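Visitor: how does the following fold in three dimensions:
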Amino acid sequence: MKSGLHVRPAADPRKLVRGSPMGNSHLDAQARRVVSGVGADGRSCVVSDEYTRTRLATPGNTKCDIWRFASLPTTFDATSGLSENVITDPPEGGFVYRVVTFPPDSEWDRSQGYSDANGQLAGTVPAEEAGGIPGMHFTRTVDILTVLSGELWAVLESEEVCLRPGDTFVQRGTVHAWSNRGNEPATIVALMVSAEPPRNPTSDVKQDEPPNK
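Guide: Prediction:
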């Protein structure tokens, strides 16, 4: 290839997200992003190969944003849509794709909840209003999440489920929290798609309110 770009060897998928083996290693997590394009010779090539720079490490998780679209359809040559700040929700009518690493529950105070560049998530539900469960929140999105490593519990209001590597969870705007009950960080990939509450008047998901409230 004569594009003039140095391309590193393919990464071991098990090392997609890297961190130190010590406590709170999730704070060091990085996600490699490789982007294709067309070179000056008109041939397909790699135009970017680096760790994403749109990254936020907090006590509850480390978010590494990969791509963000304001709307669909898009174009082949559209840019990533990312800025320096990690905002949890995608643009209205768009989506965001990110890699998220969660620390073991034993390494942080879950009552702090989750946050992004704007502070605590807007959809945070206080524990006293969520049956005493810390970290409960909701977003105006449909999320498709797949576990890459570790185990992560999806905690809902009436039940919970353990997700292991290869498992996929579809989170449809409901109140939820995450719990890592193991001894190692858990990493997922997440596609968050902007969504509206259902228009069915019998639905318990209402505009600007947590579902099931």
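
Visitor: pLDDT on stretch 67-76, on average?
Guide: Mean pLDDT, stretch 67-76: 95.

Visitor: err, stretch 144-151, not the other one
Guide: Mean predicted confidence for stretch 144-151 is 98.

Visitor: residues of that stretch that come out buried?
Guide: Residues of stretch 144-151 classed as buried by neighbour count (16 or more other CB atoms under 10 Å): 144-145, 147-151. Quick note: C-beta positions are derived from backbone N, CA and C, even for glycine.

Visitor: got it, and stretch 159-171?
Guide: Quick answer for stretch 159-171 (16+ other CB under 10 Å): 163, 169, 171.

Visitor: ditto for stretch 177-193
Guide: Applying 16+ other CB under 10 Å to stretch 177-193 flags 177-180, 182, 185-193 as buried.

Visitor: can you check stretch 125-139 too?
Guide: By 16+ other CB under 10 Å, the buried positions in stretch 125-139 come out as 125, 127, 130, 133-139.

Visitor: name the SS class of the residue of the chain most remote from its centre, please.
Guide: In the chain, residue 41 marks the outermost C-alpha relative to the chain mean, sitting 36.0 Å out by CA atoms, centre = their mean. Look at residue 41: counting by DSSP: H, G, I helix; E, B strand; the rest coil, its state is coil.

Visitor: quick one: pLDDT of it?
Guide: Listed pLDDT for residue 41 reads 97.

Visitor: for it, give its distance to residue 75.
Guide: As for residue 41, its distance to residue 75 is 21 Å (criterion: CB to CB, to the nearest Å).

Visitor: with residue 102 instead?
Guide: Applying CB to CB to residue 102 and residue 75 gives a distance of 34 Å.

Visitor: looking at these two, which one has more neighbours?
Guide: residue 102 (25 against 6; other CB atoms under 10 Å).

Visitor: now that one. Its backbone dihedrals?
Guide: phi -110, psi 140 (degrees, to the nearest 10).

Visitor: with residue 111 instead?
Guide: Main-chain torsions, residue 111, degrees, to the nearest 10: phi -70, psi -10.
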